[in-house]
Each structure stands twice: as C-alpha cells, then as structure tokens.
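# below are the sequence and a predicted model for it; my questions follow.
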Amino acid sequence: MMRRGSGRRSAGDKCGLKPGYTLVIAEKPKAASRIAMALNASRKCYYGRTPYYTSQSGDLIIASAAGHLYGLHTRERGYPVFTYEWIPIYEYEKGAYYLKPYYSMLSKLSRNAELYVNACDYDIEGSVIGYMIIAKMGDPRRAKRMRYSTLTHAELREAWRKLSPIDKEMVEAGIARHEVDWLWGINISRALMDLARKATGRRVILSAGRVQSPTLVKAYNDWMKRGLYIPDPLFEVIVILEKDGVEFTAKLIGNPETRGEALKIAGQVKHDGKLRILYVERKPYERKPPPPFNLPDLQAEASRIYRYSPSETQKLAEDLYLAAAISYPRTNSQKLPSTLGYRGLIEKLISMSKYRKFAANLLSKEKLYPRQGLKEDPAHPAIYPTGYMPRNLTPRHYRIYDLIVRRFLATFSENALLVKTLSTLTDVHGRYRFEASGINIVKAGWMEIYTYSSPEEKPLPPLAVGELVDVKDVKMKIAWPNPADPPIRKISLVKWMEKVGIGTEATRARIVDTLYKRGYIIRGKSEDEMTSLGAGVARLLISAFPQLSTPDLTRRLEEDLESIRTGRNSRRKVVMEARKIIVNLLDSYKKLIESDEAKKIAAEAGLRPPEEKCHLCNMPAKAKINGVALCEAHYSAYMKLKEKLPSLKYRVQYPVDRLLSKIASVSGRFISDVAREALHNKRLYDALNA
DNA sequence: GCAAGGTC
Ligand SMILES: [Zn+2]
C-alpha cells in the first residue's frame, strides 16, 4: 500500500568493524534510528538489507532487534511437558522469517563487541528481548541497561550518560512470565486436544491460556445470560405536539401496567386535544474534548464508526506507523507530553488542505494545551500524526489516518457548548405527567473537527409555564428493552480484557481473533455466536481448569513477578509453583478422560454427539418436558418462559400465538428457540400453557 | 500444534 520511508539502500556500504566497540541493541528499527541520531552515530550501514548505525570513530554501533528474537520451545510431544528452551523464533514459528536478518546481523555484530547495552523499551519484555540477545550472542557480564521512556534527543542523551547495570531482577521476572505462560498454555491446550482426539478419533487444534481462556469464559457467560433473557415490555404513550409550527414529542412518565391502560390514556389525551406546560428548565452544559487516542480507544472508535474489527484497525495503524505517518500505535497512553512540540506538529498539518482551516485556527491561539486522559504507558505517548502524509493511502488506511488527525486536533480545541431543555407537561385533568426534552448546540467547538460524537440536535419551541399546547397525534408503542448483557463482539471482548487488565495493546485483538480461529465463536448475522465447541470448552475449563477461567491468574502472576523484580522471590520458586498446580490438575484430568465418564465429558464439551440430544440443539438432553428432550440451557429457558408467560399474557393482552411469536423475536436465543418451537409443537405448547 | 509477548 505504501512505500517505506527508509531511504535508499546502498548494499555495498563499507563499514569495516574494528573490534572493541560498544553495541547498543534497540527493540525495533525506528528506535535504533532515533538513538543513533541522538548519540551522533550518523553512519548508516547495512547488513544485507538491514540497517545499523555507527559513529565516525567506529567505537559505537547501534543495531536493532524486531521484538523477541528468542522464544520458548520444546521438541517433546505429549503432556504434561516441562522441558523447554530458548530458541530463535524464526527456526520454529511459521511466518517469522522476517526475524532472520535481524538475528544474523546481531549475531555478527555481537562477536567483536567489548560492551553490550540493552536499549530496548524500558519494560519487562524489553528487558527480556535485549537480555536474551546478549546472553545468547554476547556476554551478559559485559552488559549495561539504558533507561528512557521517550525517544527524544535530550532524554536519550541523558540515558546514555547514566547507563545502569543490567536489570537482572526485571529480566528474571520477564523470563518467569514466559515460562509460566508457556506451561499453562502448552499443557492445557494439549490436554484439550487429547480429549478431542480420544472422543472423535480426529485431530483438531484447540487451545487454552492465561489470557484467551478467561475471555472465552466471559463470552460464554454473557451469551448464556443473554440467551435466557425475556424483556419486560414498556407501554409508551407518545404525544406529538405542535407550537409555532414546530413539532415535538412528549412521553408519558411512568409505566402503565397493561397495554389496555396505556391505550386508554392515549385515547383520553387525544380526545382532550391539549397538554399543559407545568415546568420548563434550560440547562446549559459543556462537553470537553476527548483525550488523544491510545490503541484501545482507536479500536473502539473504528469499530463504532466503520465497523472495523480491532485487529483490522491495528493492522492499518501499524502500516501508517511504518510509513511514518503516525507515532507508535501500540500504546495505552492518553497523554501527549509537551516535549513533542505541539505547535510544530500542528503546523505540519497545515499543508493538508482538509485540515488547514482547523490547524490554522488552533495556531492562532496563544496557548496550546491538549486534553489529557488518565491512561498511561511506560514507553510511549498517545497516538499522534507526524505531519508526514504518505501518498496513495488506501481508503481504509485513510479513514484511520483521518480519525487520528481529527482526534489529535480536537484535543487542542475548545469545549462544545450545548443547551438541554427539559419540560414537564400534564393532561388537562391533571392525572398524568409527560416529559419533553430538546438539545441545542450553541457552539460546536471540538465537535466541528471530530464530528463523530455530536449529539443530534433536537429543537424545542419556546415554552411557557401554564400554557396549553396543541396535540396533533397520540401513539401507543410497546418497547421491548434489550438485555443488559452485551452481544458477543470482538470490540466488546477487547474492551473487557482491557478493563480487567489481561493481555496488552499488542496482543488483545490477536487473542480475540484466536478464539474465532479455533471455532469457539463464529460471526453471526446480527451478532456473533458461541459455538457448541466454544460453550463446551468453556464449561470444561470452568470445571477442570478453574484457574484459567478468570483473570485472577493474571493478578497472581503479576504479584509474583513483582516479588521477583524486588528480590523478595525467585523465578525458580514461581515457576515450580505453577508447575505443581498444573501437575495436579493434569493428574485428575487424565484419570477423568480415561474413565467411563470420558464420552459424557466429550459430549458436554461439544466434541462428540451425545447419547440423546436436545430437541432444539446438539447438546446432551438433560430433562424431558411432555416427552420433548431438552438440554440444560433449553430446559432453563422453558422454565423461565413458563414462569413469565402468565404475567406477559395479562400485560400485553395478545392472543397466545401472537405473544409467543413476539417473544421469540425479542428474547434471547434459548427463549426464542423454545417459544418458536412451541408455536408448532403441541406437546411443548400444552406444557408451557398448562 | 498448543501461550503470550514483542514487531516486520
Ligand atoms: Zn438445547
């Protein structure tokens, strides 16, 4: 889509290396280039096509990795498995060939270095990335750590002057994180696949892990609750009024118990032909600009506005970053530090005609200060446009770019000014109360730039207390409220992970995609759906591996890592502890799946057909209603519907068939299945209405 | 082949 802004490559650059230099290892190529500039290492050399930098004297070399070059791997099959080693990732992971050149370059540059500096991001993973390279290719006894949190010249030079000893405890904590995740993930995934194979004779890829499994269980729980939802109808009386040629609506306050009662009120108001104003209040209010984007907020907005999935948005943003159009996107920060030079960044946007007006407007202000959010990131600021606009953006890339620029400009803009009008009305007999509300935008402020979250204007004519207003029409509408639990959607899952603190900016969207790739969740017509496999795996995890079913495991791991980092605990102990728990779990699990229960468990997990299946789905039958076999979920749905039906009949006052088909269309899926079935299954119909 | 974590 876009060309990389990396400049010309002259393959034959002669960069003779004199032994005894200092090798600075950055986490990624962009960081290496910034560090090189700050440290005056301006000679750009190439190892094949991969760049590195040296000082004029040749005693300083800056080169980069591309994230983790080493990972944990085993050649052993079967489970439980507790032996693993650090191996170059490109050797065992499909699609990781791009790591090879970085690996080879660092391998060569490491040979004749005197001192190694780990200049990867100053966080737990950065410590592991740099350490593993130095440990495998160089010598950790001759290593230092460079600590910085922004890639500005001043901070990088300061960090260079104040090199620290290697952060051994942080490295140990990081390695422990890798080991514990590997032990849980590989072992429990293999355990699931083992059951599947025993039950079906076929090999399927299944997986479980510290982050993906709680997310699956969360989706499962929401889906179950939603499936059993029956709305309580609201009988709304809506009065259409007119004054001075302006039409507006007022709604009855309170909920009539029955449809008949609501119709009676509607009829009366229509007959009266007037409502009286009891109360009017104008409430001016301000809306502050939103904070600048971090990745979760960008993913949420792109999903809301363009229906892009979180991983699609992330990919588009990463492309824009590699093309130098935006800053680093895998950030959690909602803050723009003033060291970025606000004015300079906005000035660069002037050259783009689409943003010229807004940018010029901001530059005319004496003070520029962005709205800052609360979320922080140890290594990166919020996402902002660099001012360099690559040509030939695809429409999808452009949409994300436009969103980022507008959001960035909006954060510097003025508050929006709005007025909300609230009015209470009554019928002429004073029996009922109605409310009308309106919204007027007085000054759009930032909403003029970031146009995606303006409230809709709803004008209300000037109203005076005591006056009578003409009724044009009255309607009665039955509202069936949506369930409180949200439908399954990728963006909701990513947001939930962020809220409970599992996964990272770089991994959440990818891990959610994994749940779909495994066939646990599928994309549906109106909303995504749990498959019987996904529901089964979730139930199995809850019963056999409860540690993996909630975010608590992450909380405990974080505490353990912190204790390693502060020297209160050792990696060995933390890993042994995890190993012990896993050994015990797998011991019971193996007994279970080798027992007579195995077939039943496999059927419950959606891995093989049950002895007797539910009349409405493929799950095992749990109960019979008038001879109709139902699974646990459909049985619960039946019981709930049977309990609710009398009151719905009384309140809605529809013939039973019409009521059932209405319920089928507004309720959760298990309730719908039962209601729809009852319409043509006499045995179920009779049982339900008995 | 399985995790979760980096990044091209
Ligand atoms: Zn069923």
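Alright, I've got the coordinates.
# give me the neighbour count for A:Leu586.
19 (other CB atoms under 10 Å). The way it works is simple: take the backbone N, C-alpha and C, and place the C-beta from them, glycine included.
# isn't it right up against A:Tyr79?
Yes: with contact defined as CB atoms under 8 Å, A:Leu586 counts as touching A:Tyr79 (6.6 Å).
# list residues touching both of the two?
A:187, A:191 (CB atoms under 8 Å, 6 or more residues apart in numbering).
# worst mean pLDDT across the helices and strands of chain A, which element?
Lowest by mean pLDDT, DSSP states H and E among the helices and strands of chain A is helix A:598-604, with a mean of 81.
# where along the stretch 101-250 of chain A do the helices fall?
Using DSSP state H, counting those that start in this stretch, the helices of the stretch 101-250 of chain A run over A:124-137, A:153-161, A:168-200, A:212-227.
# contacting residues around the second one?
The one in question is helix A:153-161. In contact with helix A:153-161 (CB under 8 Å, 6+ apart) are residues A:34-35, A:37-39, A:119, A:146-149, A:339.
# now do the end-to-end distance for stretch A:524-537.
End-to-end distance of stretch A:524-537: 19 Å, with CA to CA, to the nearest Å as the criterion.
# next, count neighbours for A:Met576.
Applying other CB under 10 Å, we find 11 residues neighbouring A:Met576.
# how much space separates the residue positioned nearest the centre of chain A from the ion?
In chain A, the centroid-proximal residue (CA atoms, centre = their mean) is A:Val494; its distance is 2.0 Å. For A:Val494, the distance to the ion equals 30 Å [CB to the ion, to the nearest Å].
# so the helix or strand harbouring that residue versus helix A:212-227, what angle?
Assigned by DSSP states H and E, A:Val494 belongs to helix A:490-500. Angular relation of helix A:490-500 and helix A:212-227 on a 0 to 180 degree scale: 120 degrees, by axes from the mean of the first three to the mean of the last three CA atoms, to 10 degrees.
# can you give me the offset of helix A:490-500 from its chain's centre?
Counting by CA atoms, centre = their mean, to the nearest Å, helix A:490-500 is centred 4 Å from the centre of its parent chain.
# return the nearest residue of the stretch 351-500 of chain A with respect to DNA strand B.
Across the stretch 351-500 of chain A, the shortest distance to DNA strand B (CB to the nearest atom of the strand) belongs to A:Ala379, at 7.6 Å.
# which residue, other than its chain neighbours, is closest to that residue?
Leaving aside its sequence neighbours, A:Ala379 sits nearest to A:Asp121 (CB to CB, 6 or more residues apart in numbering; 4.2 Å).
# give me the low-pLDDT residue ranges for chain A?
Along chain A, the parts satisfying pLDDT under 70 run over A:1-14.
# go with 50
Across chain A, residues meeting the criterion (pLDDT under 50) sit at A:2-12.
# alongside the ion, which residues does it contribute?
A:614, A:616-617, A:619, A:631, A:634 (CB under 5 Å from the ion).
# going by distance to A:Arg565, which of those residues wins?
A:Met619 (45.8 Å; CB to CB).
# residues near the closest one, how many?
The burial count for A:Met619: 20, using other CB under 10 Å.
# quick check, it in contact with A:Gly606.
Yes: counting by CB under 8 Å, A:Met619 does reach A:Gly606; the two are 7.4 Å apart.
# what sits in contact with each of those two?
A:532, A:535.
# before we move on, what SS does the residue in the stretch 1-150 of chain A that the ion sits nearest to have?
Of all residues in the stretch 1-150 of chain A, A:Tyr79 sits closest to the ion, at 32.0 Å by CB to the ion. Put simply, A:Tyr79 is coil when judged by DSSP: H, G, I helix; E, B strand; the rest coil.
# which ones are touching the spatially closest residue to it that is not a sequence neighbour?
Of all residues not flanking A:Tyr79 in the chain, A:Arg190 sits nearest, at 4.0 Å (CB to CB, 6+ apart). For A:Arg190, the contacting residues are A:78-79, A:81, taking CB under 8 Å, 6+ apart as the criterion.
# what's the longest strand in chain A?
Counting by DSSP state E, the longest strand found in chain A is strand A:274-287.
# so after that one, what's the next helix or strand?
Strand A:274-287 is succeeded, C-terminally, by helix A:295-306 (DSSP H and E).
# can I get that next one in CSV? Just the C-alpha atoms.
The C-alpha coordinates for helix A:295-306 follow below in CSV (Å, rounded to 0.1, in the frame of the first residue of the first chain):
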residue,chain,number,x,y,z
LEU,A,295,-4.9,1.9,20.8
PRO,A,296,-8.0,0.6,22.6
ASP,A,297,-9.8,3.9,22.1
LEU,A,298,-8.9,3.9,18.4
GLN,A,299,-10.1,0.4,18.0
ALA,A,300,-13.3,1.2,19.8
GLU,A,301,-14.0,4.2,17.6
ALA,A,302,-13.1,2.5,14.3
SER,A,303,-15.4,-0.3,15.3
ARG,A,304,-18.2,2.0,16.2
ILE,A,305,-17.9,4.3,13.2
TYR,A,306,-16.6,2.0,10.4
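# list the buried residues in it.
The neighbour-count check on helix A:295-306 (16 or more other CB atoms under 10 Å) flags A:295-303 as buried.
# and that helix, what does it pack onto?
helix A:310-322, helix A:395-411, helix A:490-500 (3 or more CB pairs under 8 Å, 6 or more residues apart in numbering; DSSP states H and E).
# with adjacent residues omitted, what lies nearest to A:Ala479?
The nearest residue in space to A:Ala479 (CB to CB, 6+ apart) is A:Leu234, at 4.3 Å.
# that neighbour contacts A:Asn482, correct?
No: the criterion here is CB under 8 Å, and A:Leu234 misses it with A:Asn482 at 11.8 Å.
# buried residues, the helix holding A:Val494. List them.
Neighbour count says helix A:490-500 has A:490-498, A:500 buried, by 16+ other CB under 10 Å.
# I'd like those as TSV, with distance to DNA strand B appended.
Formatted as TSV, the buried residues of helix A:490-500 follow (distance: CB to the nearest atom of the strand, whole Å):
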residue	distance to DNA strand B
A:Lys490	15
A:Ile491	17
A:Ser492	18
A:Leu493	13
A:Val494	12
A:Lys495	15
A:Trp496	14
A:Met497	9
A:Glu498	11
A:Val500	12
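# could those residues go into JSON lines alongside distance to A:Leu374?
Listed next are the buried residues of helix A:490-500 as JSON lines, based on distance: CB to CB, whole Å:
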{"residue": "A:Lys490", "distance to A:Leu374": "25"}
{"residue": "A:Ile491", "distance to A:Leu374": "21"}
{"residue": "A:Ser492", "distance to A:Leu374": "21"}
{"residue": "A:Leu493", "distance to A:Leu374": "22"}
{"residue": "A:Val494", "distance to A:Leu374": "19"}
{"residue": "A:Lys495", "distance to A:Leu374": "16"}
{"residue": "A:Trp496", "distance to A:Leu374": "19"}
{"residue": "A:Met497", "distance to A:Leu374": "18"}
{"residue": "A:Glu498", "distance to A:Leu374": "13"}
{"residue": "A:Val500", "distance to A:Leu374": "17"}
